[in-house]
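Colleague: coords please:
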Amino acid sequence: MKRSLMMVMALVAAMSLTASAGTITGKVSGAKSESAVYVDVIAGKTFPAPTTSTVIDQKGLMFVPHLVVVQQGATIDFLNSDSVAHNVFWTAISGNKKLGHNLGTWPKGEKRSFKFDNPGVVPLLCNVHPEMAAYVIVSPTPYFATTDKSGAYKIENVPDGSYTVTAWNEGAKNQSKPVTVSGEGKADFTLSK
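Modeller: From the prediction side, this is the model:
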């Protein structure tokens, strides 16, 4: 009986959390490529690290995809699918040079993994092929999205509340806006250089 009561209480709690989750939508304009949009730090709130890895491939002398957004604490597997050796390194995370790292160089078919514990912008480079570049945006929350070709985005399952939402695009200045989610929230951005 006690176990059944605890299960019912857990189910009710889970349903109430789901019922209070909303969506943030909007559009990012002024950018020529895909943008990242994320809910910034929420005071007093921490989130468990994701348990699955994200893959960034090195294929056709390019990082694929060019832009990846992950939650703080996520692991990225860097794969080399080219027939030449590749390297992955970054000199800083959001300008903090102490967070720079070099994963080394490895041949086709191998991968190297790295856990990103610090939020921010990570510009990826390959010292074997200086024309290769990509970006990892490490979001401090699990609430993030990338824009589609029209600049539209949708961040789902955001608990009701007030937040700061940030838009990032390569070559543009970040822009942050307050947004209140009560079932739905909306934030449009116009980025400039």
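
Colleague: For this structure, which segments count as helices?
Modeller: 2-19 (DSSP state H).

Colleague: what bridges to the most centrally placed residue in it?
Modeller: Of all residues in the chain, the one closest to the mean position by Cα atoms, centre = their mean is V69, 2.2 Å from it. For V69, the beta-bridge partners are I137 (DSSP bridges).

Colleague: My read is that it contacts Y143, right?
Modeller: No: the pair V69 / Y143 is not scored as a contact, 10.4 Å apart, by Cβ atoms under 8 Å. C-beta coordinates here come from the backbone N, C-alpha and C atoms, glycine included.

Colleague: my guess is K177 meets K186, correct?
Modeller: No: here K177 does not reach K186: they are 9.8 Å apart, not a contact under Cβ under 8 Å.

Colleague: ok so, going back, what residues are shared contacts of V69 and Y143?
Modeller: Y38 (Cβ atoms under 8 Å, 6 or more residues apart in numbering).

Colleague: re earlier: what residues are up against the residue nearest to the centre of the chain?
Modeller: A36, Y38, V136, I137, S139, F144, A145, T146.

Colleague: quick one, what contacts the fourth one?
Modeller: Meaning I137. A36, Y38, L67, V68, V69, V70, G120, V121, V122, F144, W168.

Colleague: hang on, isn't the first one packed against V138?
Modeller: No: checked against Cβ under 8 Å, the pair A36 and V138 is beyond contact range at 10.0 Å.

Colleague: Buried ones among the contacts of I137?
Modeller: A36, Y38, L67, V68, V69, V70, G120, V121, V122, F144, W168 (16 or more other Cβ atoms under 10 Å).

Colleague: between those residues, which is closest to N102?
Modeller: Looking at the buried ones among the contacts of I137 and their distance to N102, the nearest is V122, at 12.7 Å (Cβ to Cβ).

Colleague: Apart from its chain neighbours, what residue comes closest to that closest one?
Modeller: Spatially, and ignoring its direct neighbours in sequence, V122 is nearest to V136 (4.0 Å; Cβ to Cβ, 6 or more residues apart in numbering).
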